[in-house]
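> Build me a model:
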Amino acid sequence: MLDRFTSMQVFVKVVQLGSFSAAARALSLSPTMVTKHVTALEDRLGITLFRRSTRHLSLTEAGRLFLEGSQRILGDMEEVELAVSEQRREPRGHLRLNAPVSFAIRYVAPYLPEFSRLYPHVTVELGLNDRTVDLIDEGWDLTLRIRKMPSSTLRSRRLATIRMVVCAAPAYLHHAGTPTLVEELSQHQCLGYTLSGTNSASRWSFGERGEKTIPVSGPLSANNGDVLREAAIAGAGIVYQPVFVVSEELQSGRLRALALDMPPAPGPDLHAVYAPGMTLPLKTRAMIDYLTQCYTPTPPWEQAVGNIA
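Numbers count the residues shown, from 1 in each chain. Here you go, the predicted structure:
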């Protein structure tokens with residue numbers, strides 16, 4: 001009994017090259033053996049795969065269906081073999097990594113030299129962008145996203161939970177007073193982030209489920225956390241930001257966390273997001289595993305500030 005998998009490979013090669021003899025040469029088989037493989041498939045299936053003549057070879061309708069299935073099965077097998085064999089090889093190639101601007105500057109870029117030392121055959125291209133990029137259309141291998149992940153064909157791994165904090169410069173609080181109730185924020189100068197999925201530039205949410213919403217306003221809104229942080233340090237107003245944006249300033253005292261009567265709403269998780277596919281390239285897997293180690297069990301931005309409020 002001939003091996004069905006081999007017979008399937010022979011059948012696909014016959015279709016690709018257009019003749020039994022050409023397939024025999026390509027596979028280093030005799031024409032007789034190629035014929036036996038195709039005949040064995042037809043006998044097993046009880047159908048005719050080819051219409052044969054002395055000068056022409058064409059697929060039957062059943063043959064076309066079997067070709068589609070055979071190509072899919074052979075492709076899946078090739079991916080499985082590649083995935084297994086990659087485990088024995090070293091990550092290599094060019095990795096295009098995209099991340100939010102503020103996060104990437106403080107908590108991605110400083111870790112890349114060590115990644116390069118561990119994986120010298122991987123070159124990294126780091127793109128900084130606060131908008132949601134399209135991995136497939138824009139050609140990114142991996143992107144870091146700080147947001148709730150909607151239902152999607154993309155695949156992701158959670159790397160860390162992002163905590164939010166409301167803070168301001170001591171000089172601002174000395175001049176304008178320190179709010180203790182979330183409702184009091186409406187009377188203060190508040191600096192809004194325009195790209196947030198949780199808080200808009202004009203409405204901030206509080207509570208374990210984000211159940212309390214407070215209208216806010218102020219002299220500045222921006223689509224970048226670094227801009228708002230620097231404005232807050234200069235005394236322009238109060239900011240509601242992820243801890244990683246202001247951790248160093250909270251630690252140094254340039255910004256002070258506010259102890260309000262309701263906690264900040266839960267922040268979104270940090271995810272490593274990549275395109276779907278049966279096999280994750282080894283270079284991409286290496287980066288995800290490396291960043292996971294960098295951010296667990298306690299993210300570095302949390303280590304810097306501890307219990308802030």
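> In stretch 58-69, which of the residues would be classed as buried?
59, 63, 66, 67 (16 or more other C-beta atoms under 10 Å). For every residue, glycine as well, the C-beta is placed using N, CA and C.
> Can you tell me which of those residues end up in helices?
With DSSP state H as the criterion, helices contain 63, 66, 67 from among these.
> what's the nearest residue to residue 47 if we skip its chain neighbours?
residue 62 (4.4 Å; C-beta to C-beta, 6 or more residues apart in numbering).
> who touches that neighbour in this structure?
Counting by C-beta atoms under 8 Å, 6 or more residues apart in numbering, residue 62 touches 45, 47, 48, 49.
> Torsion angles phi and psi at the third one?
So that's residue 48. phi -100, psi 130 (degrees, to the nearest 10).
> Report the contact partners of it.
Here residue 48 is in contact with 42, 60, 62, 63 (C-beta under 8 Å, 6+ apart).
> and with 6 Å instead?
Applying C-beta atoms under 6 Å, 6 or more residues apart in numbering to residue 48 gives the contacts 42, 60.
> any idea how far it is from residue 41?
Going from residue 48 to residue 41 by C-beta to C-beta, to the nearest Å gives 10 Å.
> which residues are in contact with both of the two?
With C-beta under 6 Å, 6+ apart, residue 48 and residue 41 have no common neighbours.
> rewinding a little: are any of the contacts of residue 62 buried, and if so which?
residue 49.
> quick one: which of the contacts of residue 62 sit in helices?
Short answer: the contacts of residue 62 in helices (DSSP H) are residue 45.
> Closest to residue 265 out of the contacts of residue 62?
Closest approach between the contacts of residue 62 and residue 265, by C-beta to C-beta: residue 45, at 59.8 Å.
> Can you check what pLDDT the model gives the closest one?
Turning to residue 45, the model gives it a pLDDT of 91.
> for residue 214, same thing?
Per-residue pLDDT puts residue 214 at 95.
> For the chain, which segments are assigned as strands?
For the chain, strands defined by DSSP state E occupy the ranges 50-52, 57-59, 93-99, 122-128, 142-146, 155-161, 164-168, 190-193, 203-206, 212-215, 221-222, 238-242, 256-257, 269-274.
> could you redo those as a markdown table and give each row distance to residue 112?
Below are these laid out as a markdown table (distance: least, C-beta to C-beta, whole Å):
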| stretch | distance to residue 112 |
| --- | --- |
| strand 50-52 | 55 |
| strand 57-59 | 51 |
| strand 93-99 | 9 |
| strand 122-128 | 6 |
| strand 142-146 | 13 |
| strand 155-161 | 15 |
| strand 164-168 | 26 |
| strand 190-193 | 26 |
| strand 203-206 | 34 |
| strand 212-215 | 39 |
| strand 221-222 | 26 |
| strand 238-242 | 21 |
| strand 256-257 | 30 |
| strand 269-274 | 15 |
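> nearest to residue 297, of these?
strand 155-161 (9.8 Å).
> In the sheet, which strands lie alongside the closest one, parallel or antiparallel?
Note on strand 155-161: by DSSP bridges, its sheet partners are strand 269-274 (antiparallel).
> May I have the strand it pairs with exported as PDB, CA atoms only?
The C-alpha trace of strand 269-274 is given here as PDB (Å, rounded to 0.1, in the frame of the first residue of the first chain):
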ATOM      1  CA  ASP A 269      -3.600  46.000  29.900                       C
ATOM      2  CA  LEU A 270      -0.400  46.100  28.000                       C
ATOM      3  CA  HIS A 271      -0.600  43.600  25.200                       C
ATOM      4  CA  ALA A 272       1.900  42.200  22.700                       C
ATOM      5  CA  VAL A 273      -0.100  41.900  19.500                       C
ATOM      6  CA  TYR A 274       0.800  40.000  16.400                       C
END
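> residue contacts, the residue most central in space within the chain?
In the chain, the residue lying closest to the centroid (C-alpha atoms, centre = their mean) is residue 273, at 1.1 Å. Applying C-beta under 6 Å, 6+ apart, one finds that residue 273 lies in contact with 143, 145, 154, 156.
> burial count for the third one?
Other residues within reach of residue 154, judged by other C-beta atoms under 10 Å, total 17.
> try the second one
Under the neighbour criterion other C-beta under 10 Å, residue 145 is assigned a count of 22.
> so where do the helices sit in the stretch 101-250 of the chain?
101-107, 112-118, 135-138, 170-176, 225-233, 243-252 (DSSP state H, counting those that start in this stretch).
> any chance of those in TSV, with distance to residue 263 and mean pLDDT too?
Formatted as TSV, the helices of the stretch 101-250 of the chain follow (distance: least, C-beta to C-beta, whole Å; pLDDT from 0 to 100):
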stretch	distance to residue 263	mean pLDDT
helix 101-107	22	93
helix 112-118	34	97
helix 135-138	34	82
helix 170-176	19	97
helix 225-233	20	96
helix 243-252	13	94
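> closest one to residue 281 among these?
Closest among these, once you apply C-beta to C-beta, is helix 135-138, at 12.8 Å.
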